[in-house]
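Student: Here you go, sequence then predicted model.
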Amino acid sequence: MSTGSPPTSAPRKSMPSALKLDLHAKCSTTKARASTLHLPHGDVPLPIFMPVATQASLKGLTYDQLKQTGCMLCLNNTYHLGLKPGQAVLDAVGGAHKLQGWDRNILTDSGGFQMVSLLKLATVTEEGVRFLSPHDGSPMLLTPEHSISLQNSIGSDIIMQLDDVIATTSPDHQRIHEAMERSVRWLDRCIDAHKYPDRQNLFCIIQGGLDLDLRKKCCEEMVARDTPGIAIGGLSGGEEKQSFCQVVDTCTSLLPDHKPRYVMGVGYPEDLIVGVALGADMFDCVWPTRTARFGNAVVPSGTLNMRNQAFAEDYGPVQEGCTCTICRPKQQGGLGVTRSYLHHLATKETVGAHLLTIHNVHYLLSLMGSARQAILEDRFPAFLREFFGKLYGEKTNIPSWVVEALRGVGVDLMVD
Amino acid sequence: MDSDSSSKSPDTMTNFTLLAPTTASVLSPRLGSLALTGRKSIPTPNYIPLTSRGVVSHISHDLLRDQTAIGSLYFGLEDFIERQQRKGTVPIYNIPTSSHESALRKFTCFPEELVLVLGPRRVPAIACPPDNTPNSIAIATSVGFRQLDSNQFVEGVQKLRPDIVVGMADIVLGRQPGLKRQGKMVDRTHAYTMHATDQLYGSLVPEQNRSTASYFAPLLPLENTQQSLYLEELEGELRPHVSGLALYESASLAIVPESLGNLPRMLLNEPATPHDILREVSLGADVVTIPFIGDASDGGIALDFVFSPSETSIAEPTPLALDLWSSEYTTDTSPLREQCECYTCRNHHRAYIHHLLSAKEMLAWTLLQVHNYHTMDVFFSKIRESIQRGAFESDAQAFHRLYAAELPDRTGQGPRLRGHHVSASGPHQPRRNPRAWGRLDDLQFSESPSAVATPDTGADGLEERGFAEKEHS
């Protein structure tokens, strides 16, 4: 078992990779990249949004409906699958792909985030996360080895290291420093414990809070360990958006071109697009699917709550011109669902949630598809102007963090 | 086809043809075909899938279109008109449609070929505390109970343009009506029917405004003699406007007058088992409703029977269904039913459905619905084959012998129920849903309850599942 010594900079074990990244184009102005990620269960166009099928199901959608949104890669949560159905069942059934009947790619997190955020009295020690079993109060321990073993049983195409997650907003700098160094030590333990590097890609997770020096140090340590992909973690915890952008910007500048970069737990459409401009490739968030269950539709101008009385007699599609199954008219093979009908169903029948989930997932996937196309055609700055123009209307409504972040990569939204 | 075996209503577009036997008969199984202009014809005996607020529960429209054989749907007008009184407007009435387009179809986004049936109330209907009146019936909308008067009902039919309309009836729910009330039931239903047919098809209605919906007139769940005046009227003056009969109990199949025998009979009741359905078919029901399909899916139960079984002599009765909540399916990777061709069985296994149920994932109910509807489709197609072969009685006997008398009781928790899903017939009812929220200080502000997963097992269980290890200090 590792002790509290500072991490060594040399990898303990060379890391085979079960992925290949084809970098097709880089934006000539911003840091945005367009690429294709070849994974064991199919090719994924990057940049990408990954919908979250927490418990091996995307909130009421069949996997064929998910495929129709264009999804090539979705998330499962290790914490939830570890509780239900549990490792023994996953082993017996033959992994998460076989459990849920999904033949495309799966990414799993390490379970550490949920552990710390959902379980009371979880404490992090060098060995792992200590917590009291909520049922009988006995002390328990979740280690990097446990997390990797579970993810090996899940069989996901991309697995994440267990990291020492603390809120970026924590005022305890000493603790943030410790968490960063511990995450590096835990990465070494994860690499050692990983049984199937030939078919599952382990991603490291850059930590270091909002301290850019710590982040730099962490990038250096982790890049040296040569994992197939790299995640930027510890964000989406309520930090200032400006700090979020600085961290992503700092990290992507230090990361090698030929590896995919994943910003965890992000987020809203504007976060995704800024993230892409700052050089990130992959994003995940439960927001589009969760908000669908509350009756919200995501559209270019923001979100529309279908429960609002204003939609009771609105007989137009959720989003004019949208090509998703529910918005497309019947004549074009779609369902021709109206806002009025969704108003009638929202939060009253599960089908209302299913229909909005289809739209929202499709919206985010096609948004990333358009961003990718714009990068390939080297007109990403124009795409940025159009996207933020639709979302906020007047230039003056664009939040300053967006303007600042994009200025940093050479696009000034305030100037035409 | 023999012309007198066919009933074509002059006012409407329905054509019901009896195939076997070709003459109208009572109290025997019969094979037929219900054809409506522009729609997929319905071979009978068959069933009509039920909707709740304009959807088949848990089945989104693309799934219904691509992965089920659903060809007709039943809607209750009460599911759409909750804004009529408070806001004075009904969104489904105002949807722009072309001259012959059905607003019901357009609003609910269902395909052109589906036969849409509209009745005043859902099936099964929730018993309402207010009583029906001589010109209105009590209904339950999503915002509460109210009266639907006969003019409002006619307006609904005219605006929504369903293919088939089930007429208003004075039905007493949840208790046995007394003798005096039984008389009222007949008088009122008679009056509702006269009024509606006159308003929809009467000679005073300009021809271009006449409804094209086929009218299914209610028969009351009473003795023949009690409603004889009403029945005579149906056979006489009302006959040209009536395209079918709506029945509320299987006993009514015995009181259909001979001259109405070649009308299609839609039985809007609640069979508890496939055995009940076979009895209804044997008495000459053409189209039935089956609320237990949705109830089974909500309860985590996969229907598992075929008509007619090849096996005959078995010591133990074969169960009619699987309870997927049972832990015996935890690692069972076989389909819900071997050789089943439904979407669920082709793509998923019992272990997954079991997992989805215990994880309270909505997809469990979706996949079970698809399987359960498919099971009923096959059941009815085999019934029709059996009648064709003249083997229905013996096949039904074999079915009764082989299968258990009841569906298994549900053991697991179903979806969260909304007001329009359940009865509020009396005071002091048990909670219909478990509490989702505790005291404020237990709330996780950053997470919605759906994302908060707490282990449901102790330390040993967690260790066994490889989730974490116990610490031995």
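Tutor: Thanks, I have it. Numbers count the residues shown, from 1 in each chain, chains lettered A, B, ... in the order given.
Student: On the pLDDT front, check the residue lying closest to residue B:119 once chain neighbours are set aside for me.
Tutor: Across the structure, with C-beta to C-beta, 6 or more residues apart in numbering or on different chains as the measure, the residue nearest residue B:119 apart from its sequence neighbours is residue B:166 (3.6 Å). Backbone N, C-alpha and C define where each C-beta goes, glycine included. According to the model's per-residue confidence, residue B:166 sits at a pLDDT of 98.
Student: So what's the residue count around residue B:166?
Tutor: The number of residues packed around residue B:166, counting by other C-beta atoms under 10 Å in any protein chain shown, is 28.
Student: contacting residues for residue A:382?
Tutor: Counting by C-beta atoms under 8 Å, 6 or more residues apart in numbering or on different chains, residue A:382 touches residue A:374.
Student: Check what pLDDT it gets.
Tutor: Residue A:382 is assigned a pLDDT of 97 by the prediction.
Student: Repeat that for residue A:117.
Tutor: Per-residue confidence (pLDDT) for residue A:117: 69.
Student: next one: residue A:123
Tutor: According to the predicted model, the pLDDT of residue A:123 comes to 85.
Student: Also the one 4 residues further on?
Tutor: Among the per-residue scores, residue A:127 holds a pLDDT of 94.
Student: Now do the phi/psi pair for it.
Tutor: Backbone dihedrals for residue A:127, given as degrees, to the nearest 10, come out at phi -70, psi -40.
Student: and stretch B:337-346, average pLDDT?
Tutor: 97.
Student: Name the residues of that stretch that are buried.
Tutor: B:337, B:340, B:342-345 (16 or more other C-beta atoms under 10 Å in any protein chain shown).
Student: Briefly note if that stretch comes near chain A.
Tutor: Yes - judged by C-beta under 8 Å from any C-beta of the partner chain, stretch B:337-346 and chain A are in contact via residue B:343.
Student: Tell me which stretches of the stretch 51-200 of chain B form strands.
Tutor: Counting by DSSP state E, counting those that start in this stretch, the stretch 51-200 of chain B has these strands, from start to end: B:72-76, B:115-119, B:136-141, B:144-149, B:164-166.
Student: could I get those as CSV with distance to residue A:216?
Tutor: Rendered in CSV, the data for those read as follows (distance: least, C-beta to C-beta, whole Å):
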stretch, distance to residue A:216
strand B:72-76, 62
strand B:115-119, 65
strand B:136-141, 62
strand B:144-149, 63
strand B:164-166, 72
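Student: Show me chain A divided up by domain.
Tutor: Here chain A is described, according to automatic domain parsing, as comprising the domains A:20-285, A:291-378.
Student: Against which helices or strands is the worst-scoring helix or strand of chain A on mean pLDDT packed?
Tutor: The element with the least model confidence among the helices and strands of chain A, by mean pLDDT, DSSP states H and E, is helix A:112-118, at a mean of 73. Based on contacts counted as 3 or more C-beta pairs under 8 Å, 6 or more residues apart in numbering or on different chains; DSSP states H and E, the elements that helix A:112-118 packs against are helix A:78-83, strand A:129-132.
Student: Run me through the strand neighbours of whichever helix or strand comes after the last one, direction for each.
Tutor: Beyond strand A:129-132 in the direction of the C-terminus, DSSP states H and E gives the next helix or strand as strand A:139-142. For strand A:139-142, the pairing partners within the sheet under DSSP bridges are strand A:129-132 (antiparallel), strand B:469-470 (antiparallel).
Student: what's next to the helix or strand just after strand A:139-142, contact-wise?
Tutor: Beyond strand A:139-142 on the C-terminal side, the first helix or strand identified by DSSP H and E is helix A:144-154. If you take C-beta under 8 Å, 6+ apart as the criterion, helix A:144-154 is touched by A:76, A:78, A:81-82, A:87, A:90-91, A:95-96, A:106, A:108, A:110-112, A:128, A:159-162, A:186, A:189-190, A:193-196, A:200, A:202, B:466-469.
Student: What's the mean pLDDT across helix A:144-154?
Tutor: 96.
Student: Buried ones in stretch B:35-55, by neighbour count?
Tutor: B:35-36, B:39-40, B:42-55.
Student: Which residues does the strand or helix carrying residue A:23 contact?
Tutor: Using DSSP H and E, residue A:23 sits in strand A:20-26. The list of residues contacting strand A:20-26 from outside it, by C-beta under 8 Å, 6+ apart, reads A:32-38, A:46, A:257-260, A:375-376, A:378.
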